[in-house]
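[1] need the 3D shape of this:
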Amino acid sequence: MELDLEFEQDLQPIVRDLLALQHTQTTRATPKQVQDTIDSLHIKIKEIYSQLTSWQTVQVARHKNRPYAADYIELMCNDFIELHGDRAYGDDPAILAGIGQLANHTVMFISQQKGRSSQAKRHHNYGMPHPEGYRKAYRLMKQAQKFSLPIICLIDTPGAFPGLEDEEHGQANAIAENLYLMIGLRIPTISVVIGEGGSGGALAIGVADRLLMLEHSVYTVAAPEAAASILWRDKAYAAEAANTMRISGRDLLTMQIIDELIEEPIGGAHRNHLQAASYLKTALLTHLDELKHYSIEQLLEHRYQKYRTIGAFSRL
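    Below is the predicted model:
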């Protein structure tokens, strides 16, 4: 078992014991000893991951082996056809979108893809969309509405790309147009934060009837490093910034920002992609089945009320 996160180092002694037992002759190590050690490891992992701080959750959300949008789509869908281009300037691989078959539902997927290898990361621009990516999302949302297809958005981005050329091409306007479109779409919409949900880059595909998060994902107005640079002029305070902003899924569920926190496999989605996809698929199908019972007028009214009253606060 790979333990490459700082807060997981307390697990090393148990892992060493397990490896020692697994390499011991069967006459010296019984199956019960091995199973007891595995059970002890699972209990310890579950205990650690149930008490993660926001900064530790950021580390899990950014884990190099965490499943990305393409992984989930491949594992959840019987069939998927990717669609390209914004019909104005070009195609943006940071936005992975297309029509997929999810159980008995035909849906439009609009997602942010990071890429795993160095080449793939560069190709997908590390999951940071350009304006043409958001315009592609806009075009496909309109297409989904035309053909009455529910929309599922998988959010995983540190934020929209902040380059000068992107600003010149209308980055802010592209995001704003998506926000305006999504609040009035006459079809069911579900957005899920599967890793990082950063700033307006995430919000651009996040205004949905249901906003869900995977258990060890984060959703924030600014990356912890950026917030630390603004508040303390030093990225070294990123952990303090993350914990202060309360950006983990558990915090956001408590504050009534999101509608559901989706369970992940023990030790995070990066340890079992197939199981993580199964949990996500079950949650999506549950919400799709609920939303299809609403009329268009009810969908629009519930969506309006959701964002009109979103969040919980208390007066000191």
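[2] tell me the domain ranges of this protein?
    Per the record, the chain has its domains at 6-51, 57-309, by the TED database.
[3] hey, which of those is tucked in deepest?
    The highest mean neighbour count among the domains of the chain, using mean count of other C-beta atoms under 10 Å, belongs to domain 57-309: a mean of 19. Placement of C-beta: from N, CA and C, glycine included.
[4] from the chain's centre, how far out does the longest strand belonging to the chain sit?
    Longest strand in the chain, counting residues (DSSP state E): strand 189-198. Distance of strand 189-198 from the chain centroid (C-alpha atoms, centre = their mean, to the nearest Å) equals 4 Å.
[5] sorry, back to before: how about JSON lines for the domains of the chain, with mean pLDDT added?
    As requested, these are arranged in JSON lines below (pLDDT from 0 to 100):
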{"stretch": "domain 6-51", "mean pLDDT": "69"}
{"stretch": "domain 57-309", "mean pLDDT": "94"}
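[6] can you confirm M108 is in a strand?
    Yes: with DSSP: H, G, I helix; E, B strand; the rest coil as the criterion, M108 is assigned to a strand.
[7] so who does the spatially most central residue of the chain touch?
    Nearest to the geometric centre of the chain sits I194, at 1.6 Å (C-alpha atoms, centre = their mean). Neighbouring residues of I194 by C-beta atoms under 8 Å, 6 or more residues apart in numbering: 67-69, 72, 154-156, 214, 217, 269, 280.
[8] try 6 Å
    The contact partners of I194, taken as C-beta atoms under 6 Å, 6 or more residues apart in numbering, are 154, 156, 214.
[9] need phi/psi at the first one.
    What that stands for is L154. phi -110, psi 110 (degrees, to the nearest 10).
[10] quick check: the gap between it and P31.
    41 Å (C-beta to C-beta, to the nearest Å).
[11] mind listing the helices for the stretch 201-316 of the chain?
    224-232, 238-245, 249-254, 273-291, 296-308 (DSSP state H, counting those that start in this stretch).
[12] what angle do the longest one and strand 189-198 make?
    With axes from the mean of the first three to the mean of the last three C-alpha atoms, to 10 degrees as the criterion, the two stretches helix 273-291 and strand 189-198 enclose an angle of 140 degrees.
[13] tell me the angle helix 273-291 makes with helix 296-308.
    Comparing the axes of helix 273-291 and helix 296-308 via the same axes, to 10 degrees yields an angle of 120 degrees.
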